[in-house]
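**Student:** dropping the sequence and predicted coords here.
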Amino acid sequence: MLKAQRKVYVPFRHAQFLLRPNAVSPSSPLDLIKLLKLSADTKTVKVGKTIHSHLIVTSQATENNIIEVNSLINFYAKVNQVSIAHNLFDRMPDRNVVSWSALMTGYLLNGFSLKVIRLLKDMISEGNVSPNEYIFAIAISSCCDRGRVEEGRQCHGLLLKTGFSFHNYVRNALVSMYSKCSIVQDAMGVWNEVPVNDIVAYNSILSRLVENGYLREGLEVLRSMVSESVKWDKVTFVNAFSLCASLKDLRLGLHVHGKMLTSDVECDAYVSSAIITMYGKCGKSLMARGVFDGLQSRNVVLWTAVMASYFQNGCFEEALNLFSKMEQENVKSNEFTYAVLLNACAGLSARRNGSLLHGHSEKSGFKHHVMVGNALINMYAKSGDIEAAKKVFSDMMHRDIITWNAMICGFSHHGLGKKALLVFQDMLAAEEHPNYVTFTGVLSACGHLGLVQEGFYYLHHLMKQFGVQPGLEHYTCIVSLLSKTGQLNEARNFMRTAPVKWDVVAWRTLLNACHVHQNYGLGRWVAEFVLEMDPNDVGTYTLLSNIYAKEKRWDGVVKVRKLMRDKKIKKEPGVSWIEIGNVTHIFTSEDNKHPDYGQTYQKVKELLAMIKPLGYTPDIGAVLHDVEDEQKEYYLSYHSEKLAIAYGLLKLPSEASILVIKNLRICDDCHSAVRLISKVTNRVIVVRDANRFHHFQDGRCSCLDYW
DNA sequence: GTAGGGTTAG
């Protein structure tokens, strides 16, 4: 991995004369060496090469020579031409420790960490020059990649023998190495050995702690900086803001912001984006926007940070609106921008908008960026087009853990368990290590397929094998798996014994199973239990009322309705929408505001008449008991998803599949109606409800009638 | 003449 170069202001006026032909050089060799360093730091290849040719012509074999060549090695190393650097190094009659360190830095910067270690070994075996603190710091830094830890430990051992481990450079490199390799205990061990007040060391460990989620320890470090009166610099503030963001601690964030405003630290783009991100993660998108609006100049990162703040707080449209503003100001998107925008589309299930951005990103040259690919998979999967998600996945040249997770969870979300498990197998074959998220997808796929044994095998063995500690989500998947296969008592027992604190979601899973499997006794018990945990859970009231209705216990239905009235809980009205062309058509169960309402309602009636001969009977038990049967049927046909689907059938070409999105869970009646509608109209109909996707085709649904 | 810390996503 390339390391970022320090940014240096370029006083080019001083360098220009060298580029003129026939320039009479007024410089002493020392000036040239300074210029060479400058061109290395600023990566101005042309200037450096000119100096090189100048030196070839003028240099004699003097004592200066070794410094000149070292500077040249440093220059070529920094401008990513490390083979030229190595050539120069090989041709040196005498080398000193700087020659070695300059070359090693070159390999380090260009990502050839093995080469760095080999050079260290060569140096030791040649024995002319002894390694110093620079050499060790570079060698240790090269062990920062995962899988290089063992070499890092060997270097550490060597250091303890030579006594260099107390040098600041080296200690910082060790701390950095261990923490980048996620061995935070060792990093803290080194850190605690000797007290320091080197700002870089503080920043280094703080950043690593935050990055790896050791937030309590991060807070400790920040406190010790205060107690030891270490003056904070820009980087400290950036780290402190990201710590507050990770902690979602607005109070601390405000405090740090105040401290920054009263300090003399310059608020550059790094600091500003850290502040914006902090406010965003603490739930204050408007404050993030306020900081953003107050900035003099805004680069892509700042735009993306403020979009992300909106996204994280559910303001998807605001995030998307900023995109056009950014374009107006001629700021180009990068892969992060596309990721945020596509995620916002996913949040809105805005497939059309998403595919426009897809085209946009490809035109801007991001076709093969992993981050963009991941966001595209997520966007297509969440907006209903799992085929398009699969296509993006298949076309990707590089994949990371997020890619695999997005595809596995996407398939699972759509109820396509077999496909999810196939991708999981491919993932293992590709030697990618599954993580926490992977197993939520895998276990829910097992749930869709009813694979109880496999589910437990994954939970008890495979997760252990990959070092993933099972959490609430995984245990909930098991509850859902047992529930789905009708083992309600086993599910309840599992909930008694599993070592987690169950939340409302898990109990609701069991409750839903009781409803589907008609175990109304247990269902009522669970519902009461859930309502004790969360007395405002609308879904549970609805299920409980449904259970009473199925039992024909109208007193119970009345009781639930009274409870809801007393608590002023209103059932959220059902809303469904469908995108046609670039217009989103919205249907609700409570109004008839759509301009084509009459025609649409007529179509629903027609469809229901078509499916009645196939065995559809309106599930009138689910509707209020005190209404006439005819009226009940009318209520049911009013359901927003029926209207939206009918509208799609009216307006879309006959081969097009229909995607409808609904805010609530689809009801029994609509589910069986849509299954049959997919058969009589010979259409693929996809409904995304509050929980998952239902793929209706040829009279069947991908959820196998369990949801 | 050689090194080390920071921004935007899941």
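**Tutor:** Thanks, I have the structure now.

**Student:** by contact count, what packs against the helix or strand encompassing A:Cys155?
**Tutor:** Under the criterion of DSSP states H and E, A:Cys155 resides in helix A:149-162. With contacts defined as 3 or more CB pairs under 8 Å, 6 or more residues apart in numbering; DSSP states H and E, helix A:149-162 has these neighbours: helix A:133-141, helix A:168-180. C-beta here means a position set from N, CA and C on the backbone, and glycine is covered the same way.

**Student:** got TSV for these, with mean neighbour count, mean pLDDT and distance to DNA strand B too?
**Tutor:** Below are the helices and strands packed on helix A:149-162 laid out as TSV (neighbours: other CB atoms under 10 Å; pLDDT from 0 to 100; distance: least, CB to the nearest atom of the strand, whole Å):
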stretch	mean neighbour count	mean pLDDT	distance to DNA strand B
helix A:133-141	25	90	4
helix A:168-180	24	79	3
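
**Student:** just to revisit the earlier point, relative to helix A:168-180, how tilted is the helix holding A:Cys155?
**Tutor:** Counting by axes from the mean of the first three to the mean of the last three CA atoms, to 10 degrees, helix A:149-162 lies at 150 degrees to helix A:168-180.

**Student:** quick check: A:Ala77 vs A:Met104, distance?
**Tutor:** A:Ala77 sits 9 Å away from A:Met104, going by CB to CB, to the nearest Å.

**Student:** I should have written A:Lys121 there, sorry.
**Tutor:** On the measure of CB to CB, A:Lys121 and A:Met104 end up 11 Å apart.

**Student:** those two: who's more crowded?
**Tutor:** A:Met104 (27 against 10; other CB atoms under 10 Å).

**Student:** contact partners for that one?
**Tutor:** A:Val116, A:Leu119, A:Leu120, A:Ile135, A:Ile138, A:Ala139, A:Ser142 (CB atoms under 8 Å, 6 or more residues apart in numbering).

**Student:** which of the residues you listed sit farthest apart?
**Tutor:** A:Ile135 and A:Ser142 (11.0 Å; CB to CB).

**Student:** wait, isn't A:Glu335 in contact with A:Met371?
**Tutor:** Yes - applying CB atoms under 8 Å as the test, A:Glu335 and A:Met371 come out as touching, 4.5 Å apart.

**Student:** tell me where the stretch 301-450 of chain A has strands.
**Tutor:** Counting by DSSP state E, counting those that start in this stretch, the stretch 301-450 of chain A forms no strands at all.

**Student:** got the helices and strands packed on helix A:149-162 as TSV, with distance to A:Lys46 columns?
**Tutor:** As requested, the helices and strands packed on helix A:149-162 are exported to TSV (distance: least, CB to CB, whole Å):
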stretch	distance to A:Lys46
helix A:133-141	27
helix A:168-180	32
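
**Student:** residues in contact with stretch A:287-294: which ones?
**Tutor:** Contacts for stretch A:287-294 (CB under 8 Å, 6+ apart): A:Ser272, A:Ile275, A:Ile276, A:Thr277, A:Tyr279, A:Gly280, A:Arg298, A:Leu302, A:Ala305, A:Val306, A:Ser309, A:Tyr310.

**Student:** including distance to DNA strand B and neighbour count, could those go into CSV?
**Tutor:** Output for the contacts of stretch A:287-294, formatted as CSV (distance: CB to the nearest atom of the strand, whole Å; neighbours: other CB atoms under 10 Å):
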residue, distance to DNA strand B, neighbour count
A:Ser272, 7, 24
A:Ile275, 10, 25
A:Ile276, 8, 29
A:Thr277, 4, 24
A:Tyr279, 12, 28
A:Gly280, 7, 24
A:Arg298, 10, 18
A:Leu302, 6, 20
A:Ala305, 4, 27
A:Val306, 9, 30
A:Ser309, 8, 29
A:Tyr310, 10, 23
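
**Student:** before we move on, back to that, the helix holding A:Cys155 vs helix A:133-141, what angle?
**Tutor:** 150 degrees.

**Student:** helix A:149-162 and DNA strand B, are they touching?
**Tutor:** No - on the criterion CB under 7 Å from any atom of the strand, helix A:149-162 is out of touch with DNA strand B, staying 13.5 Å away.

**Student:** what's the mean pLDDT across that helix?
**Tutor:** Helix A:149-162 shows a mean pLDDT of 79.

**Student:** gap between that helix and the chain center?
**Tutor:** 35 Å (CA atoms, centre = their mean, to the nearest Å).

**Student:** so what touches that helix?
**Tutor:** A:117, A:120, A:131, A:136, A:139-140, A:142-144, A:165, A:170, A:174, A:177-178, A:181, A:183.

**Student:** so where's the stretch 501-650 of chain A uncertain?
**Tutor:** A:590-591, A:620-627, A:629 (pLDDT under 70).
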